[in-house]
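K.L.:
no FASTA, just this:
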Ligand code: TA6
């Protein structure tokens, strides 16, 4: 049965792009949002009267089976390079079509969307253990999203993950990211003097490529954007590492789904279990990472 028939919730519509990508559009009194079952990927969240807080490249692939350059890619069950030769970066679930498990209107009139991917659904060649993952979105004045992961196997497994959020900004050269002062970080930028032994001093201001994994970093961050007169707040739980990334122009030219001049328009601030913050999933014991984004 088509999802549109199964979930008749006020303000929720299903559609499909020419590419076949299934889109779930949500409009309620608090905000509008768009997500796709491809990768359980949200790519629009605009509080009422505001612009989209999320950035999407104008060259993004909007096709089933491909990750979308922008919005919030769901990176799981690994962060960064694949554990085996030829396995894609940032895990495989962002390339899979997730099932719509639930859509409902909460008493607050916020909209809840739950998407599910289960290893019983199909044989995932890159899955080394049976699993169920859920993405739970609550679309209200703020966007809350949780990645809930369950190891259905009989032995512990180690995972990495991230909610790889691309935030829209007026100009990368004029913003600041606060909340990571004094945090140690690994520096993966091409120009890094040393990958290790770095400590953040004050707010992050960006004048070249940044590709930093802050750890320990379990607190909230803010993206201060004077150009658009707004401060985006990012609260999180279940995550002790925060990733900050902007490719700058050089790296931007290496990505087919990213127009080089777009580097000024975005900043990634990612709620993660990345690098020094892997998690061990015990059989049958769920772990979740949650982020809540909004405007101050
Ligand atoms: O989160 C930062 C990062 O790991 C960067 O190193 C860069 O690779 C970015 O993710 C984008 O990765 P993707 O696989 O989505 O192109």
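P.N.:
Structure received. This structure is a prediction, so every number in the text was calculated from the model and none was measured.
K.L.:
Can you name the element that comes right after the worst-scoring helix or strand of the chain on mean pLDDT?
P.N.:
One helix or strand of the chain scores below all others by mean pLDDT, DSSP states H and E: helix 3-6, with a mean of 67. Using DSSP states H and E, the helix or strand that follows helix 3-6 towards the C-terminus is strand 12-16.
K.L.:
for the closest residue to residue 237 other than its chain neighbours, what are its contacts?
P.N.:
Closest residue to residue 237 apart from its sequence neighbours, by CB to CB, 6 or more residues apart in numbering: residue 290 at 4.8 Å. Any C-beta I mention is one placed from the backbone N, CA and C, and that applies to glycine too. Going by CB atoms under 8 Å, 6 or more residues apart in numbering, residue 290 touches 144-147, 236-238, 271.
K.L.:
Partner strands of whichever strand or helix holds residue 290 and their direction?
P.N.:
Per DSSP H and E, residue 290 falls inside strand 287-295. Strand 287-295 has the following strand partners under DSSP bridges: strand 143-151 (antiparallel), strand 230-237 (antiparallel).
K.L.:
in that strand, what counts as buried?
P.N.:
287-294 (16 or more other CB atoms under 10 Å).
K.L.:
Give the rounded mean pLDDT of it.
P.N.:
Averaged across strand 287-295, pLDDT comes to 98.
K.L.:
ok, now stretch 165-185?
P.N.:
If you average the pLDDT values across stretch 165-185, you get 98.
K.L.:
residue ranges for the strands of the stretch 151-296 of the chain, please.
P.N.:
157-159, 161-163, 166-168, 176-178, 184-187, 198-199, 210-214, 221-225, 230-237, 241-246, 266-273, 279-281, 287-295 (DSSP state E, counting those that start in this stretch).
K.L.:
Of the contacts of residue 290, select the buried ones using a PyMOL command.
P.N.:
To isolate the buried subset of those in PyMOL, counting by 16+ other CB under 10 Å, use the following:
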select buried, resi 144+145+146+147+236+238+271
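K.L.:
Dump the contacts of residue 290 to TSV, plus pLDDT and distance to the ligand.
P.N.:
Listed next are the contacts of residue 290 as TSV, based on pLDDT from 0 to 100; distance: CB to the nearest ligand atom, whole Å:
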residue	pLDDT	distance to the ligand
144	98	21
145	98	17
146	98	19
147	98	15
236	98	15
237	98	20
238	98	18
271	98	11
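K.L.:
Of the strands paired with strand 287-295, which is nearest residue 134?
P.N.:
Residue 134 lies closest, by CB to CB, to one member of those: strand 143-151, at 4.3 Å.
K.L.:
relative orientation of the closest one and strand 266-273 in degrees?
P.N.:
40 degrees (axes from the mean of the first three to the mean of the last three CA atoms, to 10 degrees).
K.L.:
who touches strand 143-151?
P.N.:
31, 33, 42, 45, 53, 72, 74, 76-77, 129-138, 157, 159, 161, 163, 281-294.
K.L.:
cool, stretch 191-210 as well?
P.N.:
So stretch 191-210 is contacted by 172-173, 175-178, 180-190, 212, 214, 224, 244-248, 250-251, 267 (CB under 8 Å, 6+ apart).
K.L.:
Among the residues you listed, name the buried ones.
P.N.:
By 16+ other CB under 10 Å, the contacts of stretch 191-210 give 172, 175-177, 180, 183-189, 212, 214, 224, 244-248, 251, 267 as buried.
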